[in-house]
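# Predicted model and sequence below, questions to follow.
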Amino acid sequence: MAKREPVVEEVVEETVRSITQAQADYEQLMDEIRGYWQRARDLREKAAELKLSGRTDAQVGTEIRQLLDQAERFELLGDQKDRHEKQEAIGFIEDLQREASALRGTVQHNQSVLVRQRKELEEAKEEAVAMVQRAEERVQETERLLAYEMAKLAELEG
């Protein structure tokens with residue numbers, strides 16, 4: 001059992017590291033998504049500022065359209081990552097958490113088994129000690145009986 005405990009500890013540590021890394025990856029993904037959405041808001045604000053500037057030349061209209069197109073691309077990219085990659089990351093974290101929970105259950109079960117086995121071992125040791133004591137008593141009784149019989153034999157022969 002001593003060999004298995006370090007293996008279980010390694011599995012637990014690896015699972016904890018995996019969960020921690022997955023959560024860090026998730027946070028990084030969320031930062032990236034928020035960054036895309038922020039960039040889209042910034043571009044829309046810039047387009048609104050140009051619109052409010054009062055300039056009416058064609059270049060301003062083109063620039064406003066470009067800013068709004070870029071904003072839409074960033075927003076779509078953020079939405080796409082939010083729908084797909086975020087759900088995958090959440091699913092991965094949930095899988096790892098289920099694995100950790102199952103592992104905790106296995107560890108608790110194994111600890112219960114170990115406690116029971118240690119108790120059985122102690123009982124077996126006690127029983128073995130009692131068996132040895134009974135055997136020693138039988139040997140001593142046989143030795144006493146043999147000594148008595150030898151003395152009796154010597155008396156009869158002598």
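That came in fine, so what should we check first?

# So residue 107: helix, strand or coil?
helix (DSSP: H, G, I helix; E, B strand; the rest coil).

# And the nearest residue to it once chain neighbours are set aside, which helix or strand is it part of?
Counting by Cβ to Cβ, 6 or more residues apart in numbering, residue 107 lies nearest to residue 8, which is 6.3 Å off, once chain neighbours are set aside. For every residue, glycine as well, the C-beta is placed using N, CA and C. Using DSSP states H and E, residue 8 maps to helix 4-52.

# what element comes up after that helix heading to the C-terminus?
Next in line after helix 4-52, if elements are assigned by DSSP H and E, sits helix 58-80.

# quick one on the thing from earlier: burial count for the residue nearest to residue 107?
14 (other Cβ atoms under 10 Å).

# okay, it: pLDDT?
pLDDT, residue 8: 73.

# How much space separates it from residue 140?
48 Å (Cβ to Cβ, to the nearest Å).

# who does the helix holding residue 8 touch, helix- and strand-wise?
helix 58-80, helix 86-157 (3 or more Cβ pairs under 8 Å, 6 or more residues apart in numbering; DSSP states H and E).

# Surely the residue nearest to residue 107 is in contact with residue 104?
No: counting by Cβ atoms under 8 Å, residue 8 stays clear of residue 104, with 10.8 Å between them.

# Of the helices and strands packed on helix 4-52, give the one that comes closest to residue 52.
helix 58-80 (10.6 Å; Cβ to Cβ).

# I'd like the helices and strands packed on helix 4-52 as a markdown table, with distance to residue 23 appended.
Listed next are the helices and strands packed on helix 4-52 as a markdown table, based on distance: least, Cβ to Cβ, whole Å:
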| stretch | distance to residue 23 |
| --- | --- |
| helix 58-80 | 20 |
| helix 86-157 | 6 |
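
# what's the most buried one of these?
helix 58-80 (a mean of 15; mean count of other Cβ atoms under 10 Å).
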